[in-house]
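>>> Can you look at this prediction? I've put the sequence above it.
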Amino acid sequence: MTSRQDAITPGALFERADLDHNGALDRSEVTKLLVKLFDAVGWTGLHASLLQSMITFMMDKAQDDDKVSMPEFVNALANPKWKKVLPPGVWDQVQAAVESFRVSREEDKSTCAMVQARSLFDVADVGASSFSAGLAPQAGLVARPAAASSIKMDAVGDLKVLAKELNPVVGYYDPLNLAVLNFWGQGDAATIGFLRHAEIKHGRVAMAAFVGYIVHENGIHWPWALTTSLPDYSSFEGLSAPAVWDAIPWQSKLQIILFVGFLEAWSETSFVLKNEGQAHYMRGGKPGYFPTFDLGEPKDGRGLGWGIAHPVPYNLFDPFKLSSNMSEAEKAKKLLIEVNNGRLAQLGIMAFVSEAKVPGSVPALAGLVKPYAGEVMAPFAPEFHMF
């Protein structure tokens with residue numbers, strides 16, 4: 001990493017970005033500029049969740065859905081909400097940089113000053129790349145990586161920072177190098193977005209499955225009578241949780257599958273995401289984000305205002321709006337907790353299924369889980385049928 005004496009000043013960093021991108025930055029450019037800004041002020045405490053919150057806030061405030069102007073960028077940085085999550089010294093330096101940039105635009109600095117900022121920027125970019133990749137400062141770093149490499153380092157570096165926050169003991173663990181496989185030729189950032197979203201989604205499904213397994217294993221059911229051809233709940237008594245699924249009518253299975261399919265389609269639809277100021281997780285959006293069902297009214301002039309055919313009183317995510325008054329730091333902490341709980345639930349549900357299928361395979365659950373005589377891998381069998 002470059003020394004503080006040689007590094008570009010934050011104010012000049014903004015000027016350089018203004019020149020390089022003609023005054024407008026896309027999401028990846030916003031990400032890189034934020035990383036370089038905090039590197040320039042000497043702060044190494046930036047974590048991936050806070051970075052994502054700042055990026056999303058800036059993109060939401062921008063008049064253009066795809067780009068943020070430099071004035072919009074600095075105005076977003078000046079928002080008092082960041083004062084609550086940034087260390088006082090860092091906040092003061094960032095605000096000084098914001099003020100410096102505003103003054104420089106008013107005074108229209110000479111071309112010489114801009115050229116000087118351009119030359120200094122090349123030196124600082126090396127240090128920023130090291131920071132974004134989650135590396136320790138290195139005195140011998142002299143070569144500047146290519147632009148494509150910088151983007152790759154940013155994406156993988158953010159992932160490494162997040163991995164360390166989630167589990168400081170294990171840290172970054174990717175033995176198959178999935179993060180750099182460039183899925184479908186979409187690039188590293190899109191690949192990592194896909195992987196993160198997949199993990200969060202699988203974690204949420206596993207948490208629901210873990211609770212559901214316990215509920216069905218203990219014979220807990222609705223208090224009212226069934227409405228199908230089944231007279232009562234006696235058909236399910238004594239069954240293990242997987243066997244309960246086998247025993248329910250095909251109409252019930254179809255309802256569940258169609259409902260889950262609707263949720264999947266809703267969360268993947270670009271129009272729905274754009275109406276909420278969001279983007280697809282492979283296009284710079286937030287991994288794990290599930291849109292609301294509030295499409296009856298256009299938001300901030302976005303979209304046409306179509307959506308669910310009838311009012312939906314509760315959203316799938318945060319139906320009681322418990323997170324509406326949380327600070328960005330609290331939300332970031334809750335997200336880390338959710339991911340970790342999801343990982344634990346994935347282990348838990350597989351332990352239940354393993355013990356049910358092979359009694360004694362999980363000693364801690366011996367005698368606590370009912371055996372299951374069915375085939376848990378049936379969906380992968382050649383003769384598999386849905387109903």
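All right, it came through fine.

>>> Let me see the backbone angles for residue 68.
When read as degrees, to the nearest 10, the backbone of residue 68 gives phi -120, psi 130.

>>> Not counting its neighbours along the chain, what's nearest it?
Of all residues not flanking residue 68 in the chain, residue 62 sits nearest, at 4.4 Å (C-beta to C-beta, 6 or more residues apart in numbering). Any C-beta I mention is one placed from the backbone N, CA and C, and that applies to glycine too.

>>> who are the neighbours in contact with the one you found?
68, 69, 72 (C-beta atoms under 8 Å, 6 or more residues apart in numbering).

>>> Also residue 195?
Residue 195 makes contact with 178, 179, according to C-beta under 8 Å, 6+ apart.

>>> Show me which residues of the helix or strand encompassing it are buried.
Using DSSP states H and E, residue 195 sits in helix 188-217. For helix 188-217, the neighbour count (16 or more other C-beta atoms under 10 Å) marks 188-197, 199-201, 203-204, 206-207, 209-210, 213, 216-217 as buried.

>>> Just the buried ones from the contacts of residue 62, in PyMOL syntax?
The following PyMOL line selects those of the contacts of residue 62 that are buried, judged by 16+ other C-beta under 10 Å:
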select buried, resi 68+69+72
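
>>> export the contacts of residue 62 to a markdown table and tack on distance to residue 351 and pLDDT?
What follows is those, written out as a markdown table (distance: C-beta to C-beta, whole Å; pLDDT from 0 to 100):
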| residue | distance to residue 351 | pLDDT |
| --- | --- | --- |
| 68 | 46 | 83 |
| 69 | 52 | 83 |
| 72 | 49 | 84 |
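
>>> Which of the contacts of residue 62 sits closest to residue 96?
residue 72 (19.1 Å; C-beta to C-beta).

>>> For that closest one, give its distance to residue 98.
12 Å (C-beta to C-beta, to the nearest Å).

>>> so residue 72 makes contact with residue 58?
Yes - using C-beta atoms under 8 Å, residue 72 makes contact with residue 58 at a distance of 6.9 Å.

>>> what's the closest of the contacts of residue 62 to residue 163?
residue 68 (27.8 Å).

>>> Off-centre distance for the helix holding residue 195?
Relative to its parent chain, helix 188-217 has a centroid offset of 13 Å by C-alpha atoms, centre = their mean, to the nearest Å.

>>> for the record, mean pLDDT for that helix?
Taken as a whole, helix 188-217 has an average pLDDT of 93.

>>> So what touches the following helix or strand past that helix?
The helix or strand immediately downstream of helix 188-217 is helix 241-247, counting by DSSP H and E. The contact list for helix 241-247, computed with C-beta under 8 Å, 6+ apart, reads 212-213, 216-217, 235-236, 239, 253, 352-353, 356, 370, 372-374, 376.

>>> Go again with 6 Å.
Contacts with helix 241-247, where a contact means C-beta atoms under 6 Å, 6 or more residues apart in numbering, come from 213, 216, 217, 235, 236, 372, 374.

>>> Leaving out chain neighbours, which residue sits closest to the fourth one?
If the residues on either side of it in the chain are set aside, residue 235 comes closest to residue 247, at 5.9 Å by C-beta to C-beta, 6+ apart.

>>> Show me where the stretch 51-200 of the chain has its helices.
Applying DSSP state H, counting those that start in this stretch to the stretch 51-200 of the chain gives helices spanning 70-77, 88-107, 111-132, 147-166, 188-217.

>>> nearest residue to residue 285 other than its sequence neighbours?
Excluding the flanking residues, the one nearest residue 285 by C-beta to C-beta, 6+ apart is residue 279, at 3.6 Å.

>>> Just the pLDDT for that neighbour.
90.

>>> go on, the one 4 residues further on?
The confidence metric pLDDT takes the value 89 at residue 283.

>>> so what's the backbone phi/psi at it?
phi -120, psi 30.

>>> And the nearest residue to it once chain neighbours are set aside, how far from residue 284?
In space, and not counting its chain neighbours, residue 283 is closest to residue 190: 7.1 Å by C-beta to C-beta, 6+ apart. In this view, residue 190 and residue 284 are 9 Å apart by C-beta to C-beta.

>>> Name the helix or strand of the chain that has the lowest mean pLDDT.
helix 111-132 (a mean of 35; mean pLDDT, DSSP states H and E).

>>> does the residue nearest to the spatial centre of the chain sit in a helix, a strand or a coil?
Taking C-alpha atoms, centre = their mean as the criterion, residue 287 is the residue nearest the geometric centre of the chain, at 2.8 Å. Following DSSP: H, G, I helix; E, B strand; the rest coil, residue 287 is assigned to coil.

>>> who's in contact with it?
Applying C-beta under 6 Å, 6+ apart to residue 287 gives the contacts 193, 196, 197, 200, 281.

>>> how close does it sit to residue 366?
If you go by C-beta to C-beta, the gap between residue 287 and residue 366 works out to 37 Å.

>>> Ok, residue 239 next?
Distance, residue 239 to residue 366, using C-beta to C-beta: 19 Å.

>>> who has more neighbours, the two?
residue 239 (17 against 11; other C-beta atoms under 10 Å).

>>> Leaving out the residues flanking it, which one is nearest to the more buried one?
Spatial nearest neighbour of residue 239, chain neighbours left out: residue 247 (6.2 Å); criterion: C-beta to C-beta, 6+ apart.

>>> Likewise for residue 46?
Nearest to residue 46 is residue 38, by C-beta to C-beta, 6+ apart, at 4.8 Å.

>>> doesn't residue 42 fall inside a helix?
No - Residue 42: not assigned to a helix; according to three-state DSSP it is coil.

>>> With adjacent residues omitted, what lies nearest to residue 196?
In this structure, residue 196 finds its nearest non-sequential neighbour in residue 287, 3.7 Å apart by C-beta to C-beta, 6+ apart.

>>> I should have written residue 342 there, sorry.
Going by C-beta to C-beta, 6+ apart, residue 342 has residue 203 as its nearest residue, at 1.7 Å.
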